[in-house]
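K.L.:
Next input, structure requested:
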Amino acid sequence: MAKVANQPSLIPMPFLVIFFVFSIFFGFGITLSKAVSQTRYYKFEVEYMFWSPDCIENIVMGINGTFPGPPIRANVNDTVVVEVINNLSTEGVVIHWHGILQRGSPWADGTASISQCPINPGENFTYEFKVDKPGTYFYHGHFGMQRAAGLYGSLIVDLEEGKKEPFQYDEEINLLLSDWWHASVHEQEVGLKSNPMRWVGEPQTILINGTGQFNCTSLEKYNTSSEHCEWKDQCAPFVLKVEPNKTYRIRIASTTSLAALNFAISKKFHHFSFLFQNHTMLVVEADGNYVQQFVTSDIDIYSGESYSVLVTTNQSTTQNYWASIGVRGREPKTSPALLLFNYLPNSVAKLPISPPPEIPKWNDYDRSKNFTYRVLASAMNTTKPPPIFTRRISLLNTQNLMNGNFIKWAINNISLTLPSTPYLGAIKFGLNSTFNQTAPPETFPKNYNIKIPPPNPNTNTGNSVYRFRSGEIVDVILQNANALSNNTSEIHPWHLHGHDFWVLGYGEGKFSDEDETKLNLKNPPLKNTVVIFPFGWTAIRFVADNPGVWIFHCHIEPHLDMGMGVIFAEAVEKVREIPPYALACGRTATPQVVPIIPRPNPPGLDNPYYIIWIGLVIFLCVIGLCYVCLYRIRFNNLSWRPYLGISESQSNQIEFSDLSQSNPNPNPTHEEP
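P.N.:
Got it, this is the predicted structure:
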């Protein structure tokens, strides 16, 4: 008897099986990727404590009893949660996560009066943000001049598990560079606001991972006239224990308050050049972005910048070698910091046969520019700048006077002062009276002479905001100029929060129409911090695609304290979730303003692939259910007829009756001859 149940199904079984298998594997892959992403929890207790960074005991701002603060390490797509407890007795605190874009979490940027209120003494605040790209970053205080007090630490983001960098190395070394004063940060701040101003002066010491030597860089072995130094454990030269013939990735980040630095490893010394050659550095990363790799003997690094370089220990294995870190761009009154490459198994006590490498002349700007201009985007950086801008802002950097006496830094003749109500909450909730609603100037007079002191040195303080539409393509021309003194123009490293930007070019003098044709749209590097050289200009481009309020400022701590910054606001109406404790000050602390309490999304709903997978699984389940029902009803009648009150004999009668009507063979029980 021919059985209807053996007829082909409407949906072939192999096809359905393939779809179910595909669904399982696709879903497993996404679930696995979600499982790999982790939440990294940290607890930071901020406090003042006694410490001897350079063998001179002083008061530093530490975290959990250490200086610098504990390192943070995470993988791409991890969530970092940091509970900050303010154990300071008389001042607030915030922490900025330098280089982290804070997409979806602008309230966690860690900028007092911009993204949040300061954390009051005895209170705590929880930062939660996602790290979405690998790189070398750091964190630091962003309230007053707390970075200069020592509030900083390293933050490294590795690739996702299973992925590899586009360059090879055996081991990794992390260096966090900073400068250090013996005068307290409070004394420095009071001096900047005094009449007459008392400048902070040059730092006493350059620190490497929180250690340095005061007045003893020139060792007796190489300079018999130098003062004898007693190295103690906490302030001995920083030692890197390395093995011969290995390649090391050295991550270098600068959180200096003032100094631009040069990092150099042992160069040839004319008396001993026959014994060894230079160590060289292969530059592979800048500010968390891959760059065209190039070889150099030393690098310039400005406050807020970070680099990764590859160094191969291919020199004589019987020797140790010096690296030195000295001041650039300012007449140095600070001794270089020392770092010892200890080639194992040599003893640390075995001093190198040559002195530390000499730092290039502090005002050799051509050398500095030659290095900076070599930093270009790697071919792996597929993100190209938009070909044209929709808005251009020119920012004139000047040193000015306020009320005829107080020295300030100003941008387009406005010296930034921050309001008591954070901009993020004020703009979100329409509290227009909390800051100046007049749009700040987007350019400066065309006839301004940048080569001489400002003819009218007086400036105004202000807190107005540059507002951008979502997706607007913004060019910023940073224009340097003469300060109050004749023939004086300083280096300024500018850092933008919430964005990486393309560095389109640098130039001499005042930016002109002719310079427009020289901008690099082919392979400009992506960075978050960029230098502007004396009497020159720097052009950057970014896309206003990160809703929030972001500060763009000189990363020199005293310059920002004296007003050298501007505020960018973009699509703040799209910011959905602001924790109420971020805005519990100023006008946003009133009962009339109720910030949205963040509610965590269900697991995976922030991943579009996860949503697609869920939809596909639901669709296939519906198809499968329909198939099973159709199969049971149409081709396996015996299984469902009892539920309709039909007996087995009646079922047989119905089955054979149906077959006799549909079968053309009058004798279906006999086979064809």
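K.L.:
can you give me the strands in the stretch 151-300 of the chain?
P.N.:
152-158, 171-180, 205-208, 238-242, 247-254, 260-265, 281-286, 289-296, 298-301 (DSSP state E, counting those that start in this stretch).
K.L.:
closest one to residue 349 among the ones you listed?
P.N.:
In terms of Cβ to Cβ, the element of the strands of the stretch 151-300 of the chain nearest to residue 349 is strand 238-242, at 10.6 Å. Glycine gets a C-beta too; all of them are placed from N, C-alpha and C.
K.L.:
now that closest one, how far from the centre of its chain.
P.N.:
27 Å (Cα atoms, centre = their mean, to the nearest Å).
K.L.:
Now that strand: buried residues?
P.N.:
238, 240, 242 (16 or more other Cβ atoms under 10 Å).
K.L.:
Residue ranges in the stretch 401-550 of the chain under the pLDDT threshold?
P.N.:
The model of the stretch 401-550 of the chain has no residue with pLDDT under 70.
K.L.:
quick one: which of the buried residues of strand 238-242 is nearest residue 215?
P.N.:
residue 238 (17.0 Å).
K.L.:
now for stretch 127-143, what's the gap between its first and last residues?
P.N.:
16 Å (Cα to Cα, to the nearest Å).
K.L.:
Out of the strands of the stretch 151-300 of the chain, the one nearest residue 491 is which?
P.N.:
Nearest of these (Cβ to Cβ): strand 260-265, 5.7 Å.
K.L.:
and the closest one, average pLDDT?
P.N.:
Strand 260-265 carries an average pLDDT of 95.
K.L.:
Please work out which residues outside it touch it.
P.N.:
The contact list for strand 260-265, computed with Cβ atoms under 8 Å, 6 or more residues apart in numbering, reads 177, 206, 252, 254, 278-279, 281, 297-303, 311, 321-330, 341, 357-360, 491, 493, 531.
K.L.:
Wait, residue 398 touches residue 415, no?
P.N.:
No. Counting by Cβ atoms under 8 Å, residue 398 stays clear of residue 415, with 9.6 Å between them.
K.L.:
hey, what's in contact with both of these two?
P.N.:
Shared contacts of residue 398 and residue 415 (Cβ under 8 Å, 6+ apart): 409, 459.
K.L.:
which one of these two has more residues nearby?
P.N.:
Set side by side, residue 398 and residue 415 show more neighbours around residue 398, with 26 against 21, by other Cβ atoms under 10 Å.
K.L.:
what about the more buried one, helix or strand, and which?
P.N.:
Taking DSSP states H and E as the definition, residue 398 sits inside strand 391-402.
K.L.:
what is the rounded mean pLDDT of whatever helix or strand residue 138 lives in?
P.N.:
Secondary structure assignment for residue 138, by DSSP H and E: strand 135-141. Strand 135-141 comes out with an average pLDDT of 98.
K.L.:
tell me what it is packed against?
P.N.:
strand 95-98, strand 152-158, strand 247-254, strand 306-312 (3 or more Cβ pairs under 8 Å, 6 or more residues apart in numbering; DSSP states H and E).
K.L.:
Only C-alpha atoms, please: export that strand in PDB.
P.N.:
What follows is strand 135-141 as a C-alpha-only set of coordinates in PDB (Å, rounded to 0.1, in the frame of the first residue of the first chain):
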ATOM      1  CA  GLY A 135      45.200  51.200  22.800                       C
ATOM      2  CA  THR A 136      47.500  52.900  25.300                       C
ATOM      3  CA  TYR A 137      45.600  55.300  27.600                       C
ATOM      4  CA  PHE A 138      45.600  56.600  31.100                       C
ATOM      5  CA  TYR A 139      43.400  58.200  33.700                       C
ATOM      6  CA  HIS A 140      43.900  61.300  35.800                       C
ATOM      7  CA  GLY A 141      42.200  63.900  38.000                       C
END
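K.L.:
Parallel or antiparallel, list what pairs with it.
P.N.:
strand 95-98 (antiparallel), strand 152-158 (antiparallel) (DSSP bridges).
K.L.:
Pipe those into CSV and attach distance to residue 122, mean neighbour count and mean pLDDT per row.
P.N.:
Formatted as CSV, the strands paired with strand 135-141 follow (distance: least, Cβ to Cβ, whole Å; neighbours: other Cβ atoms under 10 Å; pLDDT from 0 to 100):
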stretch, distance to residue 122, mean neighbour count, mean pLDDT
strand 95-98, 17, 26, 98
strand 152-158, 22, 22, 98
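K.L.:
what angle separates the strand holding residue 138 from strand 306-312?
P.N.:
Counting by axes from the mean of the first three to the mean of the last three Cα atoms, to 10 degrees, strand 135-141 points 130 degrees away from the direction of strand 306-312.
K.L.:
hang on, the earlier thing: list just the nearest of the buried residues of strand 238-242 to residue 108.
P.N.:
Using Cβ to Cβ, the buried residues of strand 238-242 come closest to residue 108 at residue 238, 31.9 Å.
K.L.:
coming back round to it: helices or strands up against the strand holding residue 398?
P.N.:
Against strand 391-402 (3+ Cβ pairs under 8 Å, 6+ apart) you get strand 406-411, strand 473-480.
K.L.:
Let me have those in a markdown table, adding mean neighbour count and distance to residue 557 as columns.
P.N.:
Converted to a markdown table, the helices and strands packed on strand 391-402 look like this (neighbours: other Cβ atoms under 10 Å; distance: least, Cβ to Cβ, whole Å):
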| stretch | mean neighbour count | distance to residue 557 |
| --- | --- | --- |
| strand 406-411 | 24 | 12 |
| strand 473-480 | 23 | 18 |
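K.L.:
among the strands of the stretch 151-300 of the chain, which is nearest residue 564?
P.N.:
Closest among these, once you apply Cβ to Cβ, is strand 260-265, at 15.5 Å.
K.L.:
returning to that earlier point: could I get the strands of the stretch 151-300 of the chain as JSON lines with distance to residue 421?
P.N.:
Below are these laid out as JSON lines (distance: least, Cβ to Cβ, whole Å):
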{"stretch": "strand 152-158", "distance to residue 421": "27"}
{"stretch": "strand 171-180", "distance to residue 421": "32"}
{"stretch": "strand 205-208", "distance to residue 421": "36"}
{"stretch": "strand 238-242", "distance to residue 421": "43"}
{"stretch": "strand 247-254", "distance to residue 421": "32"}
{"stretch": "strand 260-265", "distance to residue 421": "35"}
{"stretch": "strand 281-286", "distance to residue 421": "36"}
{"stretch": "strand 289-296", "distance to residue 421": "35"}
{"stretch": "strand 298-301", "distance to residue 421": "36"}
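K.L.:
For residue 519, which of those is the nearest?
P.N.:
With Cβ to Cβ as the measure, strand 289-296 is the member of the strands of the stretch 151-300 of the chain nearest residue 519 (17.8 Å).
K.L.:
Who are the packing partners of that closest one?
P.N.:
Using 3+ Cβ pairs under 8 Å, 6+ apart, strand 289-296 sits against strand 281-286.
K.L.:
Quick one: distance of the strand it packs on to the chain centre.
P.N.:
Relative to its parent chain, strand 281-286 has a centroid offset of 17 Å by Cα atoms, centre = their mean.
K.L.:
Then stretch 196-210?
P.N.:
Chain-centre distance of stretch 196-210: 25 Å, with Cα atoms, centre = their mean.
K.L.:
For that stretch, list every residue counted as buried.
P.N.:
Those would be 197, 200, 203-210, for stretch 196-210 by 16+ other Cβ under 10 Å.
K.L.:
ends of it, how far apart?
P.N.:
Taking Cα to Cα, stretch 196-210 runs 32 Å from one end to the other.
K.L.:
and if you look at stretch 55-65?
P.N.:
OK, stretch 55-65 end separation, Cα to Cα: 18 Å.
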